[in-house]
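Asker: turn this into a model:
(3 chains)
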Amino acid sequence: MGLIYALNGLYFAAFLFLTSLGLNIILGVMGILNLAHGSLYAVGGFVAAYLIGLMAQSSLPVMMLVAVLGAVAVAGVVGFVLETTLLKHMYRRALEYQLLITFGILMLIEDLIKLIFGGESRYASAPFDAMGSIDIMGHIYSVYFLFVMTCALAAGLFIWWLMVRTRLGIMLRAIEMDREMAQAMGIPMRSLTIAAFMLGSAFAGLAGALVVPTTPAVLGMGMDPLIMAFIVVVIGGLGSLKGAFLGALIVGLTRSFTIAYFAELEMPLLFLIAVVILVIRPEGLFGQK
Amino acid sequence: MLQVQNVQKSFGQFMVISEASFSVEKNEVVALLGPNGAGKTTLVNLISGHLRPDSGKILLDDRDITTAPAHVRIALGIARNFQITQLFEELSVLDNVRNCLFSIEGRSGRFFKPAGAYRKMKEEAVNILETFNLAQFSSELAGALSEGDKKILDTAMAFALKAKFLLLDEPTSGVATSDKFKVMDTIVSAIQKQGTATLIIEHDMDIVAEYTDRVMVLAEGRILADGASSEVMENKEVKETLFGVSD
Amino acid sequence: MKKYILNPRAACYAVALIVLLALPQFITPYHLTLMETGLSLAIMGLGVNLLLRYTGLLSFGHGAYFAAGAYAVGLLYMYLPDHFSFENAILAALLVSAAISALFGLVCVRHTRVFFSILTLALCMLLFAVLEKAYHYTGGSDGIRVPIPLFFGYEFEGMRRFQFLCGPYYYIVVGIFAAASLTMLAIVNSPFGKILQATRDNELRAEMIGIRVKRYRLYAFIISGTFSGLSGGVWSFVNGHITPEICNWVFSGEVVYMVLLGGFMIFEGPIVGAVAFTYLRLYAVATTQYWMLIIGATLIFLVLALPGGITGGIQSLINRLKPKNA
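Answerer: Here you go, the predicted model:
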């Protein structure tokens, strides 16, 4: 049984890693704690569920590809719209206003989702079922979970490659390290800020898209993941990829094992860990600042 | 009164203050000179409690305050102004000074009577503002003052803390030239009345000559010279160090 | 001197109090219960604004202390029904919320700005998770029913709940609201209030005039939390039922919205905001199912265009209409 708990923990970790990536990018590069992150996650989820429904007759790879790409694209576009219409006015304002406006955006998007997609849950379990399950040491484990773990690894590698090997990534990291210096060096701040927000939104959408084959898309689905992503970022450290990875592992495995043995303690324990880390080391395990 | 013994301070690899030992007695007004970056403001920060030295001791009236937190030092009688003004910008000029009085008189925790009901404090605050020629701005927000007036207010606040030992970091820089001597007159006559020991960082040599008894020169983290103005200013090393400054 | 300063304001307050007391003659019982909700939330709004406006700290988790107060009442009923009286309930609400805000405050005030906000949110959700999971102790997501208690030994004989709420309880709420508001007014105008604002404006300078900034922030936090707890306690009787949802960070966010709506720069702003918010929610929920859209859109509008809220808007209007003096 321990193996299954560990595997579940790894799956949670993978899912958390994906969910927190977007939040981390935006927080690191723009310094904004995006409370609307969960809503972008929900956007991804609903779009993916919708597309999976549409593509019911297609083969599995096509279905997943369309759903995921569609979700990511829509989330990215929403991010673009949000940044260019609303957030760009906020950079000179006090940090508290930035928090408030993202809170407002959260509420707005939640109800827009309700408006567009209606209030009912949307099931999209086709990919999950289609992938079937395999036998791991006598236990039956769904292949889909392994697929998500793979996606998380791929996403991590992609981000690493982006940040270390591409000009875009290097410029983003420059902004993260020292905003004023980056500006003085002639880095195109506007385009990069927009790019960062779109990237963060896209990843939020990706996470949402990957989760709907396992649980239906429902209103308010982004609230808990927002909190979870936030705990991961706090534990792992603001703006750190390594930290996000480690934070996700810690949270995922902790969650899995506490659910198994002390179900009641699960959320309180996670919040307690987050609080303790915030007190002892507010930058998180690997964060700077 | 204030004794600094073998104080050292580094920031990372960079040793800002390698060796500082001196004392300032009651009624003394000592100027602290030195090129920019020599560590003068760091020294002020060490004495006021914003920073802790890596080694060495700081004593106030023979009491060891080396590791004491800022609020303890203020209560014991140290006060400072700031070179880059640090005011309570959203509060009125009167409130800025009055808050210092509330703090030093131990009234800052009172939450029942309105602040304005503390008549004595208000009068005292108004007196201080009058002394520094700021009374006409009493009800204006501190943030609305001109840069020069802000500087004066900053100094007035340090004053209101009724210190035994006053640290002044370039109190006249940013003040209109016509006002510089007026401000210094005010400060020094009040200092003399209360017998406050004072350390002033100053670049203006006329002011140094006019108002200070003693001069210390800080360069490359150590005190190059310490003595009466006339002697120190003749010192060859001092002349090389100071006149290399584009001031 | 004192009378001169207080006069225009005191007159307005007196008028407002008279209006509040006279309201039962003019509005329906249902609206009275709405006013009760609005006035209870106003107490919390004043508490939140002590931190926001006067100390410069934005809390996204004050629902925790509101919930602490409400649950103190509920748990008192559950576990000590013989001692369940209004005065005991309010006392419990005050004590429990003060204790929890002291505990959480110790953790939070060591940080500022975003970290402070994040911490308040995390702690609020910690309490939420505990309240929800501890089903056997707190009733979990089902919550606790709160009946009408004895008031100093007096039982409102034969009154049905609704009658009670629109009758005597309304005056009790007005009384508590008035007392709380005047207390907060005193605090804000006192030397303590001025020093608090100093710590908001310039932490460094405040330290350098001898103020232990973290300690003062903690005091403000505890006062703020206690006000929220009082609010929760009073409100628990209006609602008759308490659930962990009041501890959700979204509710805390709504309270911040409410303060912003009324205007956080002016002392009375949160009061206006609380009443406005209660009515806004009523009409929104009645006319559309998209209540969050309305809050979201108005919040965005407030942040972008009208950060001073309703009272701020009125203030600028008055300033513009006043003839320019020298």
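
Asker: how long is stretch B:132-149 end to end?
Answerer: End-to-end distance for stretch B:132-149, by Cα to Cα, to the nearest Å: 9 Å.

Asker: near A:Ala154, how many other residues are there?
Answerer: Other residues within reach of A:Ala154, judged by other Cβ atoms under 10 Å in any protein chain shown, total 11. Where C-beta positions appear, they are placed from N, C-alpha and C, glycine not excepted.

Asker: buried residues, the host helix or strand of it. List them.
Answerer: For A:Ala154, the enclosing helix or strand under DSSP states H and E is helix A:143-165. Across helix A:143-165, burial judged by 16 or more other Cβ atoms under 10 Å in any protein chain shown covers A:144-149, A:151-152, A:155-156, A:159, A:162-163.

Asker: ok, A:Cys151 touching A:Leu18?
Answerer: Yes - using Cβ atoms under 8 Å, A:Cys151 is in contact with A:Leu18, at 6.9 Å.

Asker: and for the two, which residues touch both?
Answerer: Taking Cβ atoms under 8 Å, 6 or more residues apart in numbering or on different chains as the contact rule, the neighbours common to A:Cys151 and A:Leu18 are A:206, A:210.

Asker: contacting residues for A:Ile134?
Answerer: The contact partners of A:Ile134, by Cβ under 8 Å, 6+ apart, come to A:140-141, A:143, A:146.

Asker: hang on, C:Gly61 in a strand?
Answerer: No - counting by DSSP: H, G, I helix; E, B strand; the rest coil, one finds C:Gly61 to be coil, located in no strand.

Asker: check the gap between B:Asp206 and chain A for me.
Answerer: Counting by Cβ to the nearest Cβ, to the nearest Å, the separation of B:Asp206 from chain A is 38 Å.

Asker: how much space between the closest residue in space to C:Gly313 that isn't next to it in sequence and C:Ala92?
Answerer: For C:Gly313, ignoring the flanking residues on the chain, the nearest one in space by Cβ to Cβ, 6 or more residues apart in numbering or on different chains is C:Leu306 at 5.8 Å. Using Cβ to Cβ, to the nearest Å, one gets 39 Å for the distance from C:Leu306 to C:Ala92.

Asker: return the set of buried residues in the helix or strand hosting C:Val272.
Answerer: Per DSSP H and E, C:Val272 falls inside helix C:269-287. Along helix C:269-287, the positions that meet the burial threshold by neighbour count (16+ other Cβ under 10 Å) are C:269-278, C:280-281, C:284.

Asker: C:Glu132: neighbouring residues, count only.
Answerer: 21.

Asker: show me the contacts for it.
Answerer: C:Glu132 makes contacts with A:267, C:140-141, C:244, as judged by Cβ under 8 Å, 6+ apart.

Asker: and what of C:Ala10?
Answerer: Residues in contact with C:Ala10, defined by Cβ under 8 Å, 6+ apart, are absent; none qualify.

Asker: pLDDT wise, what is it at?
Answerer: Per-residue confidence at C:Ala10 stands at 83 (pLDDT).

Asker: show me where the stretch 201-326 of chain C has helices.
Answerer: Ranges of helices in the stretch 201-326 of chain C, per DSSP state H, counting those that start in this stretch, are C:203-208, C:213-239, C:249-262, C:269-287, C:291-305, C:309-321.

Asker: now do chain B
Answerer: Ranges of helices within chain B are B:40-48, B:70-76, B:93-104, B:119-131, B:147-160, B:177-194, B:205-211, B:229-234, B:236-243, based on DSSP state H.

Asker: chain B contacts on the stretch 151-300 of chain C?
Answerer: Those residues of the stretch 151-300 of chain C that sit near chain B, judged by Cβ under 8 Å from any Cβ of the partner chain, are C:186-187, C:189-195, C:197-198, C:200-202, C:204-212, C:216, C:219.

Asker: of those, buried ones?
Answerer: Among these, the ones that count as buried by 16+ other Cβ under 10 Å are C:187, C:189-195, C:197-198, C:200-202, C:205-212, C:216, C:219.

Asker: I appreciate the help and will end here.
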